[in-house]
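A.B. asks: 3D model of this:
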Amino acid sequence: MLKKEKSTPVFEKVPLANKASFLFKVESFRSFNIPWHYHPEYEIALIKKGNGEIIVGNNVHFFKSGDLLFLGANLPHLWKSKKTNSEKTNNVEQLILQFPHDFLGRELFNKYEFQSIRNILHKSTLGLVFLGKVRAKIAKNLNSMQKAGDFERLMLLFSILETMASSSEYTTVASPGFLNTFVRYDEERMNKLYHYTLSNSQKDISTNKMASLFNMEESSFCRYFKKRTKKTYIQFLNEVRLGFACKLLLENVHSINQICIKCGFRNISNFNRQFKAFIGKTPKEYRKSLF
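C.D. replies: Just a heads-up that it's a prediction; the model follows:
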């Protein structure tokens, strides 16, 4: 359940049923439209169906079916996917595991035996995306939770955390600099800003236009965004566009010229240059590496 405290931050109150110490649930929606929010619980999310974008801290990750994310306590994030015309079909589904740091007592993770788990909990403050064999192993345990009893679920949770702690198969999402810039009273404005960017990234967007939308001077808007994300707005916009380009290249339906236009770039040379700087390969080389 999401609630607004006063008129500023969007805070999620995680409900724990039947005096349970942590929450496990299966969620399905027509589309993701979960606003910029945070909660004190850690969150493990397995995407069972669907694709879209999640902004974690100051970076965007384009998720797809099979993706596994671990989000730290109080790490702001936003889920979004395209709406469909169907009113009956749920196009996104995920398994969610949420637990507070003290779900079995305040001293649990301070014990010597939990040192490696304590380390991965700390790393999750930037948001982690798990990959490869470790992702498959964790996904298997999460799927097993659907039919497990209460105690078995607890043991599966510890197994998941131990697997994460002993793995190096993950990437981080947010930049380290973001942790010192998150200001909760700005969440409402940042939520609108992120949603607008994700919904309109294929259009012609300038810092001047964004400043007008938020009733700010262009120079003030640029300072505001960089102070809170440690990057310029144009850098962030290009990352959103290039992430979408990677998704389209993977689908292998459109030509590179078509993808360039669909992602909001106005000429192919700029697109190629930006893509290579961001990914390390040209769009053509990246597509070739996928197939």
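A.B. asks: What does the pLDDT read for the closest residue to Tyr224 other than its chain neighbours?
C.D. replies: Spatial nearest neighbour of Tyr224, excluding adjacent residues (C-beta to C-beta, 6 or more residues apart in numbering): Met216 at 6.9 Å. No exception for glycine: its C-beta is placed from N, CA and C like everyone else's. If you check Met216, the pLDDT there is 95.
A.B. asks: quick one: what helix or strand has Met216 in it?
C.D. replies: Assigning secondary structure by DSSP states H and E places Met216 outside every helix and strand.
A.B. asks: Give me the phi and psi angles of it.
C.D. replies: Dihedral pair for Met216: phi -130, psi 160, per degrees, to the nearest 10.
A.B. asks: from here on, count from 59
C.D. replies: With 59 as the first residue, the last one maps to Met274.
A.B. asks: what's the neighbour count on it?
C.D. replies: Using other C-beta atoms under 10 Å, Met274 has 17 neighbouring residues.
A.B. asks: Tell me how far it lies from Leu251.
C.D. replies: Distance, Met274 to Leu251, by C-beta to C-beta, to the nearest Å: 11 Å.
A.B. asks: How about Val84?
C.D. replies: Taking C-beta to C-beta as the criterion, Val84 is separated from Leu251 by 31 Å.
A.B. asks: The two: who's more crowded?
C.D. replies: When Val84 and Leu251 are compared for neighbours, Leu251 comes out ahead with 22 against 13, by other C-beta under 10 Å.
A.B. asks: Leu126 contacts His119, correct?
C.D. replies: No - contact criterion C-beta atoms under 8 Å: Leu126 and His119 do not qualify, at 11.5 Å.
A.B. asks: quick one, which of those two is more surrounded?
C.D. replies: Neighbour totals were compared for Leu126 and His119, and Leu126 leads with 24 against 19 (other C-beta under 10 Å).
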